[in-house]
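Asker: no letters, just coordinates:
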Ligand code: MCA
Ligand code: AMP
């Protein structure tokens, strides 16, 4: 039995699955190409048996064919981020220990730098296409399917393992809630190393027999051009993208604005998530597009959990109610349920919840309480609707929809010459939601500039983790116990930004 997602594709064979810079690709093309990828990865073996296959492939048809190919061969798909420098790629490779890396030719040099010292073979997507598809294994849906990396409050990003069953639950919950059909066409501008792009857009589209119009990344003008296409029905993005689409609309002339607004109002659904959507952005987007954004809440470990309704009133500043199949609770620090209106930690249970953190049984055990996943998000329920109040930890920063760990960035900055101690904080920012800022206590005589810090962390940290602001201080603010007080550090920057 092939995996359900892939079995369904035969029913849509002639429909267009993906449109990318190379043109249109049907479901039949996807089945053929992913079959070739699977055969090439198997190299005559019967089953990859959950061997990890990492892949560095930009969003588009080749990405989908590679992901499906790994799955059809019985492997675990480990998507690598195209924006990551070799230091970040190295962490994922060391942690997942893949048997092979599939790379798009454009990333060959970067991936060789990380793969060669580890002795991991690299196969180019261009080399995979011709392989004759052979007999493929039966892959039970309970098997591990994907590992995605997410930042936490401790150390380096952790690998979140989901099975095919869990991915299916995440997808079908959204397909039901948002009434996806084969007639849908969605624009993908999100990166494909996180749930938002992989599950909510690409996999929901492919599950439904719909068309995924893949852009090579996010550019406000290009996205507007695609939104003007009459066949587009759905769009999903992070708040920073909506802010930038609003700016591009503001910059257009009045004739173009009218056409842009008319185009947008034809879509059947526009969704925002990954970070808090400010009510001002929701309101401005309504003026620009005639659309009330549907805000939802999710996490790498659980897919989507809460959402405003497709039909009916969407309450601004809230993330709605549990999605189909998802159970939610709000508890106090002793894990007792709190009354409606009282803030507490959000717990989630359901078939959507991940299996484990890769090779971290203690972290996995610590993440659950009696079978409920502890999100670490503080929420309050009012009139039946969930409102996200923030994270339980100041060391988690959300910048432009990416979750980053202050501690991981501090570790990188602390290793720079001239740095005695440092503290990284997220500061409210009109474009990014939160901006990564670093305060540094320097060693006597050292001169440190923001440029220096940025340049020297560039090969270790993803671009979105690199600090955007620096303050060199003689002493970091500390409490009576000598512990750095993060709110006081954030205040140093907030004063500057007038926030
Ligand atoms: C890029 N930069 C960033 C970010 N993105 N800095 C901080 N935060 C970011 N998010 C860096 C760039 O590398 C560049 O660095 C500088 O900032 C300016 O870049 P710019 O061209 O303005 O940005 P961009 O490259 O256009 O990217 C902005 C973006 C991107 C399109 C909004 O951040 C993005 O795709 N965000 C979505 C992330 C996402 O999918 N999150 C989902 C995970 P330099 O100047 O050094 O070159 S959360 C999730 O999956 C859960 C389940 C959920 O609920 O959805
Ligand atoms: P990630 O682990 O990268 O998947 O990010 C998940 C985190 O993003 C959640 O734990 C929340 O803190 C945050 N998040 C996702 N959606 C929303 C939303 N609509 N409003 C506020 N925070 C959100």
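Answerer: Okay, I see it. Because the structure is a prediction, the values reported are computed rather than measured. Numbering: from 1, shown residues only. Ligands and ions are numbered 1, 2, ... in the order given.
Asker: setting the sequence-adjacent residues aside, check what's closest to the residue of the stretch 101-250 of the chain found nearest ligand 2.
Answerer: Ligand 2 sits closest to residue 150 of the stretch 101-250 of the chain, with a gap of 4.4 Å, by CB to the nearest ligand atom. All C-beta spots, glycine's among them, are computed from the backbone N, C-alpha and C. Of all residues not flanking residue 150 in the chain, residue 300 sits nearest, at 4.1 Å (CB to CB, 6 or more residues apart in numbering).
Asker: show me the contact partners of stretch 23-38.
Answerer: 6, 9-10, 12-19, 61-62, 64-73, 102, 128-133, 136, 206, 209 (CB atoms under 8 Å, 6 or more residues apart in numbering).
Asker: where does the chain get nearest to ligand 1, residue-wise?
Answerer: Residue of the chain nearest ligand 1, by CB to the nearest ligand atom: residue 400 (2.2 Å).
Asker: quick one: the strands in the stretch 151-300 of the chain?
Answerer: Applying DSSP state E, counting those that start in this stretch to the stretch 151-300 of the chain gives strands spanning 158-163, 185-188, 211-214, 234-237, 269-272, 294-299.
Asker: reformat these into JSON lines and put distance to residue 194 and mean pLDDT next to each item.
Answerer: Formatted as JSON lines, the strands of the stretch 151-300 of the chain follow (distance: least, CB to CB, whole Å; pLDDT from 0 to 100):
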{"stretch": "strand 158-163", "distance to residue 194": "10", "mean pLDDT": "98"}
{"stretch": "strand 185-188", "distance to residue 194": "12", "mean pLDDT": "98"}
{"stretch": "strand 211-214", "distance to residue 194": "15", "mean pLDDT": "98"}
{"stretch": "strand 234-237", "distance to residue 194": "12", "mean pLDDT": "98"}
{"stretch": "strand 269-272", "distance to residue 194": "15", "mean pLDDT": "98"}
{"stretch": "strand 294-299", "distance to residue 194": "10", "mean pLDDT": "98"}
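Asker: and these as JSON lines, adding mean neighbour count?
Answerer: Formatted as JSON lines, the strands of the stretch 151-300 of the chain follow (neighbours: other CB atoms under 10 Å):
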{"stretch": "strand 158-163", "mean neighbour count": "24"}
{"stretch": "strand 185-188", "mean neighbour count": "24"}
{"stretch": "strand 211-214", "mean neighbour count": "26"}
{"stretch": "strand 234-237", "mean neighbour count": "26"}
{"stretch": "strand 269-272", "mean neighbour count": "22"}
{"stretch": "strand 294-299", "mean neighbour count": "24"}
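Asker: now these as CSV including distance to ligand 2?
Answerer: As requested, the strands of the stretch 151-300 of the chain are arranged in CSV below (distance: least, CB to the nearest ligand atom, whole Å):
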stretch, distance to ligand 2
strand 158-163, 8
strand 185-188, 17
strand 211-214, 20
strand 234-237, 12
strand 269-272, 7
strand 294-299, 4
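Asker: list the buried residues for stretch 179-193?
Answerer: 180, 184, 185, 186, 187, 188, 189, 190, 191, 192, 193 (16 or more other CB atoms under 10 Å).
Asker: ok, the most centrally placed residue in the chain - contacts?
Answerer: The residue lying closest to the centre of the chain (CA atoms, centre = their mean) is residue 194, at 2.7 Å. Neighbouring residues of residue 194 by CB under 8 Å, 6+ apart: 148, 274, 300, 402.
Asker: what pLDDT does the last one get?
Answerer: Read it as residue 402. Residue 402 carries a pLDDT score of 98 in this model.
Asker: just say helix, strand or coil for the closest residue to it other than its chain neighbours.
Answerer: Leaving aside its chain neighbours, residue 402 sits nearest to residue 464 (4.7 Å; criterion: CB to CB, 6+ apart). Here residue 464 is recorded as helix under DSSP: H, G, I helix; E, B strand; the rest coil.
Asker: check contacts around residue 464.
Answerer: Contacts of residue 464 (CB under 8 Å, 6+ apart): 83, 399, 400, 402, 404, 436.
Asker: now those: which count as buried?
Answerer: 399, 400, 402, 404, 436.
Asker: so which of those residues are in helices?
Answerer: Cross-referencing these against helices under DSSP state H gives no overlap.
Asker: relative to ligand 2, which of the residues you listed is nearest.
Answerer: Nearest member of these to ligand 2, counting by CB to the nearest ligand atom, is residue 402, at 6.7 Å.
Asker: who does the closest one form a beta bridge with?
Answerer: Beta bridges link residue 402 to residue 399 when assigned by DSSP bridges.
Asker: next one: residue 347
Answerer: residue 329, residue 374.
Asker: tell me how far the residue nearest to residue 150 lies from residue 73.
Answerer: Distance of residue 300 to residue 73, given as CB to CB, to the nearest Å: 24 Å.
Asker: who has more neighbours out of these two?
Answerer: Using other CB atoms under 10 Å as the criterion, residue 300 and residue 73 rank with residue 73 on top: 26 against 21.
Asker: three-state assignment of the closest residue to the more buried one other than its chain neighbours?
Answerer: Leaving aside its chain neighbours, residue 73 sits nearest to residue 38 (3.9 Å; criterion: CB to CB, 6+ apart). Under three-state DSSP, the three-state class of residue 38 is helix.
Asker: neighbours of residue 38, how many?
Answerer: Neighbours of residue 38 using other CB under 10 Å come to 27.
Asker: how much space separates it from residue 74?
Answerer: Taken as CB to CB, the span from residue 38 to residue 74 is 8 Å.
Asker: and if you look at residue 275?
Answerer: 35 Å.
Asker: please apply the same query to residue 104.
Answerer: Residue 104 is 23 Å from residue 74, by CB to CB.
Asker: of these two, which one has the most company?
Answerer: Neighbour count, other CB under 10 Å: between residue 104 and residue 74, residue 74 has more, with 24 against 19.
Asker: so that one sits against residue 48, correct?
Answerer: Yes - assessed by CB atoms under 8 Å, residue 74 is found in contact with residue 48 at 4.3 Å.
Asker: once you drop chain neighbours, what's closest to residue 12?
Answerer: Leaving out its chain neighbours, residue 12 is closest to residue 209 (CB to CB, 6+ apart), at 3.5 Å.
Asker: perfect, I'm done here.
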